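**Student:** structure for the following, please:
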Amino acid sequence: MPVHTTDSSHHGKGPGLFLALGSALAFGGSGVAAKPLIEAGLAPLHVVWLRVAGAALVMLPVAVRHRDLPRRRPVLLAGFGLLAVAGVQACYFAAISRIPVGVALLVEYLAPALVLGWVRFVQRRPVTRAAALGVVLAAGGLACVVEVWSGLRFDVLGLVLALGAACCQVGYFVLADHGGGDGVDPLGVIAYGLLVGAGLLTVVARPWEMDWSVLGGSARMNGVGVPAVALLGWLVLVATVVAYATGVLSVRRLSPQVAGVVACLEAVVATVLAWVLLGERLAVPQVVGGMVVLAGAFIAQSSTAVPEPVVGRPAAGGEVRARGGLSRPRGSDRTSDPVPGP
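**Tutor:** Numbering: from 1, shown residues only. Purely as a prediction, here's the structure:
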């Protein structure tokens, strides 16, 4: 989910909406491709490593093109690699190995509400009543998703891992609040973030211990055999490279409010795909709870937004407002650093 400012007057919103929908569909398809690989015998961390390392190789030419970026923004790249790539992916994939894909993604989408908690209680900046309402809705919806009246029937560790993915997104939101600008190309940030993430995951996942023979066999999707290498190809090329690229291009053409709404569709896409392709059925209260989570997240991240400033003129106080009520320092680039989905 991107934190950015944008001026859509120079770009058509139609193409931007199309790109954003494509990005949500691509990101939403990551879980349904990863879970069969995990069930076929690969550890969640190994699947994460394959995804990130493969995407890093694909994006390597972009990194070479922006080879001065590590010198200019080392903290930004390290934060992106650690939180938005390695942290989010590892926690999310570990979560879906224990709980349904849709539930894991819905829990992760508590991140916008958690950001407001950071703003209000850590940074001690005011938030609107509507934003507080969004937090309450998101928490109530989550209670329905996990069916608290059943004594947390879902795996508690799986829920904790999904919350860890949400916290990693919050961490990068906070980092992005202090680190955009200077003409940084978001594609360069993605490329180096993937390289940093791949390096960190190599140490943690130890891919030399992976059962590589799994990739030569097939995985089961709702009882149907699918080549494991095909699922990996989708995970790397579509759910990572295409998803990041279309997401970055879309945020340059859409307002923060529109981009935020479309990004929330990722959770819906993932849930529907898991229902159709993996046979994961959710009860009616869980479906309703999921809709409430998405509604609360949308209210929380859009209610504090202010009208977009005119290009070249910062908002009052020398800051440019970003989605979620966070502010960007004067001189920050109009399109800031992207934060992905899972």
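
**Student:** the closest residue to residue 120 other than its chain neighbours: what secondary structure?
**Tutor:** Leaving aside its chain neighbours, residue 120 sits nearest to residue 127 (5.0 Å; criterion: CB to CB, 6 or more residues apart in numbering). In this view, the C-beta of every residue, glycine as well, is placed from N, C-alpha and C. Secondary structure of residue 127, reduced to three states by DSSP: H, G, I helix; E, B strand; the rest coil: coil.

**Student:** then the one 5 residues further on?
**Tutor:** Applying three-state DSSP to residue 132 yields a three-state assignment of helix.

**Student:** number of nearby residues for it?
**Tutor:** 17 (other CB atoms under 10 Å).

**Student:** ok, it - contacts?
**Tutor:** Neighbouring residues of residue 132 by CB atoms under 8 Å, 6 or more residues apart in numbering: residue 116.

**Student:** point out where the stretch 151-300 of the chain drops to low pLDDT.
**Tutor:** In the predicted model, the stretch 151-300 of the chain carries pLDDT under 70 at residues 151-154, 172-183, 251-265, 297, 300.

**Student:** so where do the helices sit in it?
**Tutor:** Along the stretch 151-300 of the chain, the stretches classed as helices by DSSP state H, counting those that start in this stretch are 156-178, 186-205, 228-233, 243-251, 256-277, 284-302.

**Student:** secondary structure element holding residue 98?
**Tutor:** Residue 98 belongs to no helix or strand when assigned by DSSP states H and E.

**Student:** same question for the one 5 residues further on.
**Tutor:** Following DSSP H and E, one finds residue 103 within helix 101-108.

**Student:** what's the offset of the next helix or strand after that helix from the middle of its chain?
**Tutor:** If you walk from helix 101-108 toward the C-terminus, the next helix or strand you reach (DSSP H and E) is helix 111-117. Chain-centre distance of helix 111-117: 14 Å, with CA atoms, centre = their mean, to the nearest Å.

**Student:** and what of stretch 27-46?
**Tutor:** The mean C-alpha position of stretch 27-46 is separated from the chain mean by 16 Å, CA atoms, centre = their mean.

**Student:** and for stretch 68-77?
**Tutor:** For stretch 68-77, the distance between its averaged C-alpha position and the chain's averaged C-alpha position is 21 Å (CA atoms, centre = their mean).

**Student:** re the thing from before, select, out of the helices of the stretch 151-300 of the chain, the one closest to residue 81.
**Tutor:** Distance to residue 81, taken as CB to CB, is lowest for helix 186-205 among these, at 2.5 Å.

**Student:** just want the angle from that closest one to helix 243-251.
**Tutor:** Between the direction of helix 186-205 and that of helix 243-251, the angle (axes from the mean of the first three to the mean of the last three CA atoms, to 10 degrees) works out to 150 degrees.

**Student:** and for helix 186-205, what's in contact with it?
**Tutor:** Helix 186-205 is contacted by residues 43, 45-46, 48-49, 52-53, 55-56, 59-60, 62-63, 65-66, 69-70, 73, 76-78, 80-82, 84-86, 89-90, 240, 244-245, 248, 335-338 when judged by CB under 8 Å, 6+ apart.

**Student:** do that again at 7 Å, thanks
**Tutor:** Helix 186-205 is contacted from outside by 45-46, 48-49, 52-53, 55-56, 59, 62-63, 66, 69-70, 76-78, 80-82, 84-86, 90, 244, 248, 335, 337-338, using CB atoms under 7 Å, 6 or more residues apart in numbering.
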